[in-house]
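one predicted model, sequence on top.
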Amino acid sequence: MSINPLGINDDSGATPVNVTLLLTAIAIVGIVLLITALRVPPIFALLVGTFFLGLTTIGAGATPGAVTGGFGEVMAEIGLLVSFGVIMGSLITKTGALQGLIEALMRTFGAKRLPYIFTLSLSSIFTSIYSDVVLVLTAPMAKRIAPQLGKRGIALMGGALTAGIEVGLVFVVPGVAALAVAGLLGVPLGEMFVWGIVIGLPTAFLTMFIFNLLAKRALRWSPEKDELAAEIGGFDDSSTGAGGIALHQEGQRDGEHRSEMKPAPVGTLEAESAAVCKLPLPLALAPVVVTLALVAAGALLGTLNVESTFLGFITDPVFAMFLGASSSYLLACRTAPRAEVDKEVAAGLVTCGPILVLSGVSGSLGAVIEQSGLADILSGYFTSSILPPLLLVWVIAAVLHIALGSISISAITAAGILAPIAGSLGVPLVLVALAAGSGALFLPHVSSNFFWMFKEMLGLSTRGTFKTHTVAMSLASVVSLVLILGLGFIL
């Protein structure tokens, strides 16, 4: 069935174009309102919108099959990858590899270069660790370094943390959002890893460079107004309540609502962040390094058209991630009782559940969109627009992030909406995935759970959090967009 993006369908019984667009707009706005205004969990909100769009466009008979089929396709792509990645991240925190690397870098490069070291290492090596866990582990180190950087030290370290953590999340495999978006759009994982590094590392460095200039000249950083003086155990008592209670996320990750945050004793978080590397550093980092090397090698073999059953097996992303997770388990067992390590594995599986289900439901939404004919309509608008397709992808993800407050949810939802038309945009799929991640970084604010966690962990006022977290992430979004558009002229 051909569809004119500016007109009405033929008399074949299909839903008219304008009606399809209206129904889709109602579905997406409804999803946003359910999540933001009514505090409905994103999983239920996405399903409500998906079923509404299915029932009103493709009918009751076809909707269940589209929902389950889209969900199943995404799970086949990313289910094992996300699970192994999350488990590996959980076990790496147990061995203290992240803290050990940063301490070693501090001794090697000195405090003055630490903002760049933080943002580059967090955006490339430790992307399998969830963003809030990385923040818990690194915020105390950042606060310890900050006084050595002068009056704006905490601002610089805050910008470094937020740029490194979130850039890695959306661009660099095995970042959860990067894995999910790649799976939804059908981007080979090796390709996503290579080009994610190509975009992610320069984005992190340039963001920190520009943020450093802004901190000196434009941000007007004031310790009296932007930092909180009254702290207990590194947390502001006025914001967390008597007794030094810190806001801590439980069960859900990255960008869920503040209502999902529950109090946890400060001592618990400090004990986590005070962990030291219990293994020789090269050995502690080996699971991550080997995993990434195998994924990159697989991408290289594909580019060179090398055919080898053995090499294809060991460089397959599923095997590479399994090898990383299993070797992390063996190393963790050398540093802690096996019962504790098993608990980390169980906790990792529980943690990755929401991301997997969200990704699957976004696949369901994409399947309904494809069957409704909306994919052809959107493709027509994208190709007839005066704006580059990648810029439109960025705008969709940015608007979703501003509305929903979650990087992961906005990137995954944008990918689900765009998946049916991504192949017809005239640009490589990997650039569509990167543009969705880039837009999902734009303008975090008070609707984001990570915003408030960042504020408490670094002891900032709300104003100071806007100056660091919001500014740095928006810079990263714009910088990465420029790099992605430039890459589009090459690929």
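Thanks, I have the structure now.

now do Ala422, the pLDDT please.
At Ala422, the pLDDT value in this model is 85.

make sure it is actually in contact with Leu434.
No. Counting by CB atoms under 8 Å, Ala422 stays clear of Leu434, with 11.9 Å between them. Where you see a C-beta, it was placed from the backbone N, CA and C, and this is true even at glycine.

can you pull out the low-pLDDT segments for this protein?
Applying pLDDT under 70 to the chain picks out residues 1-17, 229-277, 383-385.

hang on, the earlier thing: between Ala422 and Leu434, who's got more neighbours?
Leu434 (33 against 26; other CB atoms under 10 Å).

now the more buried one. Nearest residue, chain neighbours left out?
Ranked by CB to CB, 6 or more residues apart in numbering and with sequence neighbours excluded, the top spatial neighbour of Leu434 is Ile484, at 5.1 Å.

do you know how far that neighbour is from Trp394?
From Ile484 across to Trp394, the span is 8 Å (CB to CB, to the nearest Å).

quickly list what's touching both of those two.
Common contacts of Ile484 and Trp394 (CB atoms under 8 Å, 6 or more residues apart in numbering): 435, 438.

roughly how far is stretch 145-163 from the heart of the chain?
Between the centre of stretch 145-163 and the centre of its chain there are 23 Å (CA atoms, centre = their mean, to the nearest Å).

so how far does that stretch reach from one end to the other?
In terms of CA to CA, to the nearest Å, the two terminal residues of stretch 145-163 are separated by 17 Å.

in it, what counts as buried?
The neighbour-count check on stretch 145-163 (16 or more other CB atoms under 10 Å) flags 145-146, 149, 152-163 as buried.

among those, name the ones in helices.
If you go by DSSP state H, these have 145, 153-163 in helices.

name the nearest residue to Val167, sequence neighbours excluded.
In this structure, Val167 finds its nearest non-sequential neighbour in Ser123, 4.3 Å apart by CB to CB, 6+ apart.

what is the neighbour count of the one you found?
What Ser123 shows, counting by other CB under 10 Å, is a neighbour count of 31.

ok, the buried residues of stretch 145-163 vs Ala336, which is closest?
Using CB to CB, Leu161 comes nearest to Ala336 of the buried residues of stretch 145-163, at 26.1 Å.

how much space separates that closest one from Gly110?
With CB to CB as the criterion, Leu161 and Gly110 are 18 Å apart.

residue boundaries of the strands in the chain?
In the chain, the strands defined using DSSP state E lie at 231-232, 235-236, 245-249, 261-265.

so the residue nearest to Val167 touches Gly168, yeah?
Yes. Applying CB under 8 Å, one finds Ser123 in contact with Gly168, separated by 4.0 Å.

anything in contact with each of those two?
200, 204.

not counting sequence-adjacent ones, nearest residue to Gly30?
In space, and not counting its chain neighbours, Gly30 is closest to Gly49: 5.4 Å by CB to CB, 6+ apart.

isn't that neighbour up against Leu23?
No. Between Gly49 and Leu23 there is no contact under CB under 8 Å: 10.4 Å.

so between these two, which is more surrounded?
It is Gly49, of Gly49 and Leu23, that has more neighbours when counted by other CB under 10 Å, with 25 against 18.

mind listing what that one touches?
The contact partners of Gly49, taken as CB under 8 Å, 6+ apart, are 27-28, 30-31, 34, 365.

give me that answer again for 7 Å
27-28, 30-31, 365 (CB atoms under 7 Å, 6 or more residues apart in numbering).

what's the farthest-apart pair in these?
Farthest apart among these - using CB to CB - are Gly30 and Leu365, which lie 12.1 Å from each other.

neighbour count winner among the two?
Ranked by neighbour count (other CB under 10 Å), Gly30 and Leu365 place Leu365 first, with 33 against 15.

and the more buried one, how far from Pro223?
Distance from Leu365 to Pro223, by CB to CB: 46 Å.

just Gly164 next, same as before
Distance from Gly164 to Pro223, by CB to CB: 23 Å.

so between those two, which is more surrounded?
Shown here are Gly164 and Pro223; by other CB under 10 Å, Gly164 has more neighbours (32 against 14).

that one touches Ser124, doesn't it?
No. Between Gly164 and Ser124 there is no contact under CB atoms under 7 Å: 8.5 Å.

circling back to that earlier point, overlap in contacts of Gly49 and Leu23?
Residues touching both Gly49 and Leu23 (CB under 7 Å, 6+ apart): none.

got phi/psi on Gln125?
Wrong residue type there; residue 125 is Ile, not Gln. Dihedral pair for Ile125: phi -100, psi -40, per degrees, to the nearest 10.

follow-up on the earlier one: between the ones in helices among the buried residues of stretch 145-163, which is closest to Pro64?
Nearest to Pro64 among these, with distances taken as CB to CB, is Thr162, at 41.2 Å.

hang on, that closest one packs against Met473?
Yes. If you go by CB under 7 Å, Thr162 and Met473 touch, sitting 5.7 Å apart.

need the contact list for the residue nearest to Ala375 when sequence neighbours are not counted.
Leaving out its chain neighbours, the residue that sits closest to Ala375 by CB to CB, 6+ apart is Pro420, at 3.5 Å. Applying CB under 7 Å, 6+ apart to Pro420 gives the contacts 366, 369-370, 375.

and if we set it to 10 Å?
70, 365-376, 378-379 (CB atoms under 10 Å, 6 or more residues apart in numbering).

now the buried members of these.
For the contacts of Pro420, a burial check counting by 16+ other CB under 10 Å picks out 70, 365-376, 378-379.

among those residues, name the ones in helices.
Short answer: the buried ones among the contacts of Pro420 in helices (DSSP H) are 70, 365-372, 374-376, 378-379.

farthest pair in the residues you listed?
For these, with distances taken as CB to CB, the pair at the greatest spread is Gly70 and Ser379 (18.0 Å).

can you count the residues close to Leu304?
Neighbourhood size, Leu304 [other CB under 10 Å]: 8.

what about it, distance to Val173?
Applying CB to CB to Leu304 and Val173 gives a distance of 20 Å.
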